[in-house]
Every structure is written in structure tokens, then in C-alpha cells.
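Participant: 3D, please:
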Amino acid sequence: MRVQAIPAALAAAALVAVAGCGGHDSAGAASDGDATPTKVAQQATAGDFGDLKKICGPGDAKSAPAQGVTANAIEVGVFSDVGFTKNPEFVDTAKVFTSWCNAAGGIDGRKLVATTRDSKLMEVRQRMLEACKQDFALVGGGAALDALGVKDRLDCLLPDFPAQVSQIQNNGSGLQLNATGGASYNRYTGYYQWLLKTAYPDSAGAVGTIAGDAPVTKSINGRAEEGLKATGAKIVYSDLYPAAGVSDWTPYAQSIKSKGVKGLVFNGDFVSLSKLEQVLTGMNYKLDWIDANNNAYGPAFLQLAGKSLDVQNNFADLGGVHPLEKAPDNPATGQLVELFKKYAPKAQPTLPGVRGFAAWLLFAKAASSCGDDLTRKCVYEAATKETHWTGGGLLAPVDLSKPDAPLTCFNIEKATSKGWQPADFQPDTGAYRCDAPVYKFKGDYGKPLTLADVGKSLSDVK
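Facilitator: Next up, the predicted model:
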């Protein structure tokens, strides 16, 4: 059943996207939006995105007030494991945003120059040290083993506007503007409550979890089990599988069936999940629900899972990101889809890519407010004043003035053989439901690094 083990770091890479809010392996099922090419061209000229006005545009910047900032350009770094994963979603998103923004005039006339910091899984610290010597800030990226670079980033006082965070030491760390919710709180309380108390109440007494055997996913699974129990679930099955892969999922499926599992939380890669579901379906065992995690959100999982999607109920919580397949219903998402068609026609928006684009918008808005005197202190403080940040309409509102705050909005997708579609979770605020209960973790899962941990404070940021 088990294959030869691989180093823990490589196992973490196989499960990279589970740690964040979406996957390096997933591709969003985007569709045509309301934004026509003509309208996109007009918005490019104006520098408007969604409900955000003049995010980018010309100006009369003349000074070079900080590292990476000249009168003509702003240099930023984009972290990615693209050399390992071969997935360029953060690189593509950076290309689309900077092309659009620069076409509109840049940031007060300064052109955005994005440098890919390819961490190739194990080279996070090397790339961070390079970024510390060149970049003004980090924007719109992510790495599987991102904890390896946090101390160096804080030492050099480098602000971070990530698309995705993975390890707890980086999740909500100092000088970071992260719109995915505070690390101290369960981001999936509303989701679990809907599954266990509304949609499938009979499943609460028989919940199972399975996770890849890697440090990142084991930590995620521990938090998931605590959150499930706090919502009223009884865990009757808990297992790990080797991240390198499983040759035969039958023993796992048999264990799930013998334990009478009705609801299954899967914290791992969607390729493995699709194989497990095929075995479960083949033995005529149907669960009430499966949490596929939002790593599975995209067409690849649908293709792999095949006919089992007509039997098993697969769900994913997008964590307050407007669904890509519903782009026509949301002007901001429609505009993003059109910008990808214009500036990266061979690429496709993904869930992490949408978060990355929102991170770029946050950086650009904050930087624009600083005018000629563009410093790290100014851009960071400006971003922390966003108490109702939506990325122009790409996201449910998030309060960025509080570095460790719970998410109150969520939205649930269901995988079907016809595509991903919103589940019947009774949204009350547009595409979202914003009444998620607050649950603060009690277990010790580690904590984010702060400026104080490296002997510094905000007063050191210039």
C-alpha cells in the first residue's frame, strides 16, 4: 500500500496548495465575463479595476526614496515554486497585472518591474536574501516552504503582500498584508457548520479525516480536527497517506467503509483524492459529503474524478473569493478574465491567481497613495488602513487593519460532472454568506514570526 518515503520537504511540495487557499496544481474554470474588450481597454487607460478608481496612472514622481524605487520604476519580487511545480500561476498573474497597470501609466508614473523569485521548493532562503538586496516589496506570490524565508524578510524589513501563505510561521507574520484571515482562527467554521448542522446533520457522528504525511498537511489536519470537534463532529477515522503516492487506495477505502464514515475531510492533493473516490464508488460506498479542499477547485480534478462526481458529494470552501465560473455575474471577476485574455492569452486564472491579483491591487492602491515619497513605511501603513478590502470586488470584505482577525464570510462550491458550481449554502451577501461563527484555536500549532522575534519594531521601518 505504501511506496518509498520521500524527504518531508518534497512531501510538503506535493501538497503545497493545501497549506494555503488554493492550489499550485489547480486551474480555475473561468468563463467569459461582462467586461467586453472595449471596456477593458477603457479601464486600462483609466487605471480602474472593479470598483477601485485610478489604481494605476501617470504622475510626476521624481525621487528615489527607497530601495527598489526610482523616479521611473518600482522593483518588486514575486515568489513562486515554478521551477519545481512547473505551474506559473503567480508569474502569469504578475505579468497580467503589471502589463495592465503599466499601460495605464504605472504607479504615479513609475513602471512596475516584477522579478520572479523562483524558490524551486528548497531555495526559499536564497531567493529571500536576493529579494532583500533588490526589491521594494514582495507582491502576489507564495512558496510551499515559506517559513524558511520569514526571518530574513523581517531582518531586512521587507513588506509582503502574498497571494498565498503555507506554513504557520509565515501566516500573518510581521509586515505582511494577508487577506486570508488570522492564523489564530479557524477559517472554515462557517463551512463546517453548514456541512454538519444544515446540509448533512446525520453525518456529525461519523466524520473522518485523511491527510498527506508531510509536516504542512499534518498541521493543517490537526487544526481541521479541532475545528470539526468544536462544531460538534465526532472523529471516527483519522489517517495519513504517503505524499509520494499510493499504489492501491483499496485499504484506505475499506477502512473508511468499515468505520462508517459519512463525512470525509481530505487534506492532500486532488490527484490522490480522485483515486480514492474511484475506489469508494467502485465498492458502492457513498459518503454524505467529502471536503475536497479548495486545492481541487478547477477543471483538473473534475476530469480525474470523472463519474464518481455523480455519486460522491464533493465540496470546497473558497474562503470568500468570487467563483471563476460565475465571472459573468461579477464585474471585477469578469474584468480579470478579460485581462488574462489580453495580456496572457495562453494562461488561465486560478483561485490562487485571483488572490494574487487582489494582492497586486492592494499594493498598487497603497503605493499610489504615497505619491512621490514612496517608502516601505508608507505603503505598509496605507494598506493596513483598509478595513473593508474586497480587491475591487474579487473578494468578500476583509479587515486588514487587524493582522489576526477571523474571517466572517465564506462561499462553498460543489464539484459536479458538469463543472464546479455554488452549493446551496444560503448566501446572504451577494455570492457569500457572512455569518460564520468565530472559533479561536486552543491547540499549539506554532505561531507567526513577528518583528519583535528578530529584535525589531515598526519604528525601524523606513
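
Participant: helix or strand right after the top helix by length along the chain?
Facilitator: Looking across the chain with DSSP state H, the single longest helix is helix 351-370. The helix or strand immediately downstream of helix 351-370 is helix 376-383, counting by DSSP states H and E.

Participant: what angle sits between that following helix and helix 351-370?
Facilitator: 110 degrees (axes from the mean of the first three to the mean of the last three C-alpha atoms, to 10 degrees).

Participant: number of nearby residues for the closest residue to Leu145 other than its chain neighbours?
Facilitator: Ranked by C-beta to C-beta, 6 or more residues apart in numbering and with sequence neighbours excluded, the top spatial neighbour of Leu145 is Val124, at 5.4 Å. C-betas here are computed from N, CA, C, even on glycine. Close neighbours of Val124, defined as other C-beta atoms under 10 Å, add up to 25.

Participant: and if you look at the one 5 residues further on?
Facilitator: A count of nearby residues for Leu129, using other C-beta under 10 Å, gives 14.

Participant: quick check: the residue nearest to Leu145 touching Val150?
Facilitator: No. Taking C-beta atoms under 8 Å as the definition, Val124 is not a contact partner of Val150, at 9.1 Å.

Participant: distance of the residue nearest to Leu145 relative to Lys151?
Facilitator: 11 Å (C-beta to C-beta, to the nearest Å).

Participant: again with Ala364
Facilitator: 28 Å.

Participant: higher neighbour count, those two?
Facilitator: Ala364 (26 against 16).

Participant: list the contacts of the more buried one.
Facilitator: Counting by C-beta atoms under 8 Å, 6 or more residues apart in numbering, Ala364 makes contact with Ile55, Cys56, Phe97, Cys101, Ile107, Leu112.

Participant: 7 Å - rerun?
Facilitator: Ile55, Cys56, Cys101, Ile107 (C-beta atoms under 7 Å, 6 or more residues apart in numbering).

Participant: among the residues you listed, which one lies nearest to Ser203?
Facilitator: Taking C-beta to C-beta as the measure, Ile55 is the one of those closest to Ser203, at 44.3 Å.

Participant: can you give me the neighbour number for that closest one?
Facilitator: Neighbour number of Ile55 under other C-beta under 10 Å is 25.

Participant: what of the one 10 residues further on?
Facilitator: The local packing of Pro65 (other C-beta under 10 Å) involves 17 other residues.

Participant: neighbours of the spatially closest residue to Thr375 that is not a sequence neighbour, how many?
Facilitator: Leaving aside its chain neighbours, Thr375 sits nearest to Ala66 (4.8 Å; criterion: C-beta to C-beta, 6+ apart). Ala66 has 19 neighbours, counted by other C-beta under 10 Å.

Participant: assess the claim that Ala66 and Lys377 are in contact.
Facilitator: No. Counting by C-beta atoms under 7 Å, Ala66 stays clear of Lys377, with 8.8 Å between them.

Participant: returning to that earlier point: now the residue nearest to Leu145: how far from Ala199?
Facilitator: In this view, Val124 and Ala199 are 39 Å apart by C-beta to C-beta.

Participant: before we move on, what about Phe410?
Facilitator: Taking C-beta to C-beta, one finds Phe410 at 13 Å from Ala199.

Participant: comparing the two, which shows the higher neighbour count?
Facilitator: Taking neighbours as other C-beta under 10 Å, Phe410 and Ala199 compare with Phe410 leading, 26 against 19.

Participant: quick one: the more buried one and Phe315 touch, right?
Facilitator: No. With contact defined as C-beta under 7 Å, Phe410 and Phe315 do not form a contacting pair (11.3 Å).

Participant: give the burial count for the residue nearest to Asp135 when sequence neighbours are not counted, as a bare number.
Facilitator: Closest residue to Asp135 apart from its sequence neighbours, by C-beta to C-beta, 6+ apart: Gly77 at 4.0 Å. For Gly77, the count of nearby residues is 26 (other C-beta under 10 Å).

Participant: contact partners for Gly77?
Facilitator: Thr115, Arg117, Ala131, Asp135, Leu138.

Participant: out of those, name the ones that lie in helices.
Facilitator: Ala131.

Participant: using TSV, lay out the contacts of Gly77 together with distance to Leu451, neighbour count and pLDDT.
Facilitator: Listed next are these as TSV, based on distance: C-beta to C-beta, whole Å; neighbours: other C-beta atoms under 10 Å; pLDDT from 0 to 100:
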residue	distance to Leu451	neighbour count	pLDDT
Thr115	24	16	98
Arg117	21	25	98
Ala131	17	27	98
Asp135	18	24	98
Leu138	16	27	98
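
Participant: now for the contacts of Gly77: which two are most distant?
Facilitator: Thr115 and Leu138 (10.0 Å).

Participant: hang on, Ala405 packs against Val398?
Facilitator: No. In this structure Ala405 lies outside contact range of Val398 using C-beta under 7 Å: 8.1 Å.

Participant: higher neighbour count, those two?
Facilitator: Set side by side, Ala405 and Val398 show more neighbours around Val398, with 25 against 16, by other C-beta under 10 Å.

Participant: and the more buried one, how far from Val150?
Facilitator: From Val398 to Val150 the distance is 21 Å (C-beta to C-beta).

Participant: now stretch 244-258: buried residues?
Facilitator: Ala244, Gly245, Val246, Trp249, Tyr252, Ala253, Ile256, Lys257 (16 or more other C-beta atoms under 10 Å).

Participant: Gly142: which of those is nearest?
Facilitator: Once C-beta to C-beta is applied, the member of these that ends up nearest Gly142 is Ala244, at 22.5 Å.
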